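> Got a predicted structure plus its sequence, pasted below:
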Amino acid sequence: MDLGLQGRACIVTGASKGIGLAIGRLLAQEGARVLLVARGEEALAAAAGEIGAAWHAADVTDPDAAEAIVAACEREFGSVDVLVNNAGHAEIRDLDELTDAEWQRDWDLHVMASMRLMRAACPKMAAAGWGRVVNVSSSSGKRPSGTLAMSYSVTKAAQLSLSRAFADRYAGQGVRVNALAPGMALSEGWTGEGGLADQLAARRGVSREEVLRAQGERLPIGRALEVDEVARVAVVLCSELASGVAGAPWSVDGGIYASIV
């Protein structure tokens, strides 16, 4: 099936590993031209070399980063057609442990960075009459997680609302803005050294493997998601197939969010 992504200029943030890299890889396989964005130059360059993408090192929480990222995409490819806001941070923290600085950090990363990138990219997409934005939120944005930090859940909920606001503003100009709400996926954020599984294991006095198995079994499908299962839905939302979708918070969570609304 032709997704209509051949030659499209795509920005993917948080793209040196995990879901972001998987999205970038699938976009490249569809013939899109991809700019990977992340902070660490070494990992980013390696990821870009692996999938045949360009790269731009940036901290998306820097107020000037959005304009620089969009400009880098235009220099590299001549336009910006697709934006995937995937950069994020999650950790295991009790509500009474969170500091004001940690709340602000998550707000800057999940909300302000996404907003600034959309503010920089969407008018250019609208002027061209075509564009796609996918904001990678979380199932925790639909229902606060009892496991992850509350600052994560609250700012991911705000990211969903932000997606709706931009969708309403730009849908009539050919730009489709949607959100993705993944559940537990086996990215480095869960499986890596010091990641979420290790954090939970330390609190519960069990092994990483026991945590991963128990958390995965909570999903109605009986297991955690693979990153490609999330990435495939993201790429569809980036494509011509999503022409009739605007402002939708797509759940890719193995059924954990139990609502028909």
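Thanks, I have the structure now.

> Could you pull out the helices in this protein for me?
Using DSSP state H, the helices found in the chain span residues 18-29, 41-51, 65-77, 100-107, 113-128, 139-142, 150-170, 188-191, 196-204, 208-217, 227-237.

> With mean neighbour count, mean pLDDT and distance to Gly7 as added columns, please give those helices in JSON lines.
(Each C-beta comes from the backbone N, C-alpha and C, glycine too.) Output for those, formatted as JSON lines (neighbours: other Cβ atoms under 10 Å; pLDDT from 0 to 100; distance: least, Cβ to Cβ, whole Å):
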{"stretch": "helix 18-29", "mean neighbour count": "25", "mean pLDDT": "98", "distance to Gly7": "11"}
{"stretch": "helix 41-51", "mean neighbour count": "16", "mean pLDDT": "97", "distance to Gly7": "16"}
{"stretch": "helix 65-77", "mean neighbour count": "18", "mean pLDDT": "98", "distance to Gly7": "9"}
{"stretch": "helix 100-107", "mean neighbour count": "15", "mean pLDDT": "97", "distance to Gly7": "36"}
{"stretch": "helix 113-128", "mean neighbour count": "20", "mean pLDDT": "98", "distance to Gly7": "13"}
{"stretch": "helix 139-142", "mean neighbour count": "24", "mean pLDDT": "95", "distance to Gly7": "32"}
{"stretch": "helix 150-170", "mean neighbour count": "20", "mean pLDDT": "97", "distance to Gly7": "21"}
{"stretch": "helix 188-191", "mean neighbour count": "19", "mean pLDDT": "93", "distance to Gly7": "30"}
{"stretch": "helix 196-204", "mean neighbour count": "18", "mean pLDDT": "95", "distance to Gly7": "37"}
{"stretch": "helix 208-217", "mean neighbour count": "16", "mean pLDDT": "95", "distance to Gly7": "38"}
{"stretch": "helix 227-237", "mean neighbour count": "21", "mean pLDDT": "98", "distance to Gly7": "15"}
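
> Quick check: which of those is nearest to His89?
With distances scored as Cβ to Cβ, the stretch of the helices of the chain nearest to His89 is helix 100-107 (6.7 Å).

> List of residues touching the closest one?
Applying Cβ atoms under 8 Å, 6 or more residues apart in numbering, the external contacts of helix 100-107 come out as 61, 89, 93, 149, 151-152, 154-155, 158.

> What is the nearest of those residues to Val80?
Nearest to Val80, judged by Cβ to Cβ, of these is Thr61 at 20.0 Å.

> doesn't His56 make contact with Ala72?
Yes. If you go by Cβ atoms under 8 Å, Ala72 and His56 touch, sitting 4.3 Å apart.

> what is in contact with the two at once?
Taking Cβ under 8 Å, 6+ apart as the contact rule, Ala72 and His56 both touch Leu35.
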